[in-house]
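# Okay, sequence plus prediction incoming.
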Amino acid sequence: MLSLSAAGRLRHHASAASRPERTARRDTRRDRRAWCQVVSSADLSPRGDEAVFDKLALSAFAGTPLETALRDLGIRAFAIAGVALEIGIAPTVWHAVDLGLIPVVVADACGGRDRPAMQRVVDSIRFGGDALVTDIVTIAPLLAGPADR
């Protein structure tokens with residue numbers, strides 16, 4: 001299961017570095033239960049200054065302006081974490097690769113229901129080589145601003 005403290009630490013490091021954050025969430029009109037289960041901590045709720053795109057498909061890029069927003073900001077690589085590694089995160093990672101982006105999966109800030117399926121996804125991402133897999137301890141210093149390093 002997703003460790004809320006791990007996901008919160010990742011968000012803290014990204015926020016402290018003033019990195020632009022974009023949140024893709026499942027469309028609450030279609031599946032209110034899924035969103036309620038995901039946002040169970042105030043630390044993970046979208047803030048007023050963050051853009052929120054309703055996620056309408058398995059990939060956060062399908063039917064959302066996420067690709068345009070990343071490209072407009074000059075972002076070619078991004079960290080990704082969240083719930084349902086094997087269902088929502090993986091399709092977003094593969095779609096990003098198809099778009100020429102470099103996703104960085106923060107594995108210990110991802111959760112899911114099926115541990116063997118999650119491990120297969122991580123193995124597949126590593127094998128493909130077009131995306132990176134890391135953990136919070138490794139990525140946190142990279143998210144820090146130059147003054148914080």
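Done, it's in. As the structure is a computational prediction, the values presented were derived from the model and not from experiment.
# From now on I want contacts and neighbour counts done on CA atoms only, so please keep to that.
Fine.
# Under a three-state scheme, what state does residue 60 occupy?
coil (DSSP: H, G, I helix; E, B strand; the rest coil).
# Can you give me the pLDDT of the nearest residue to it once chain neighbours are set aside?
What sits nearest to residue 60 in space, not counting adjacent residues and going by C-alpha to C-alpha, 6 or more residues apart in numbering, is residue 92, at 5.5 Å. Turning to residue 92, the model gives it a pLDDT of 96.
# the helices in the chain, which residues?
Shown for the chain, the helices assigned by DSSP state H span residues 4-16, 32-38, 66-72, 90-98, 115-128, 136-143.
# Mind telling me which of those helices the model trusts least?
Comparing mean pLDDT across the helices of the chain, the lowest value falls on helix 32-38: a mean of 40.
# What is the neighbour count of residue 76?
Around residue 76 sit 14 other residues, with neighbours defined as other C-alpha atoms under 10 Å.
# now do the one 4 residues further on
By the other C-alpha under 10 Å criterion, the neighbourhood of residue 80 contains 20 residues.
# tell me the contacts of it?
With C-alpha atoms under 8 Å, 6 or more residues apart in numbering as the criterion, the residues that contact residue 80 are 89, 103, 104, 105, 106.
# And the residues you listed, which is closest to residue 74?
Comparing the contacts of residue 80 against residue 74 with C-alpha to C-alpha picks out residue 103 as the nearest, at 14.2 Å.
# thinking again about what came up before, could you give the number of residues near the residue nearest to residue 60?
20.
# burial measure for the residue lying closest to residue 125 once chain neighbours are set aside, as a count.
Distances taken as C-alpha to C-alpha, 6+ apart put residue 131 closest to residue 125, at 6.3 Å, once the chain neighbours are dropped. By other C-alpha under 10 Å, the residues close to residue 131 number 20.
# For residue 63, give its distance to residue 93.
In this structure, residue 63 lies at 15 Å from residue 93, with C-alpha to C-alpha, to the nearest Å as the measure.
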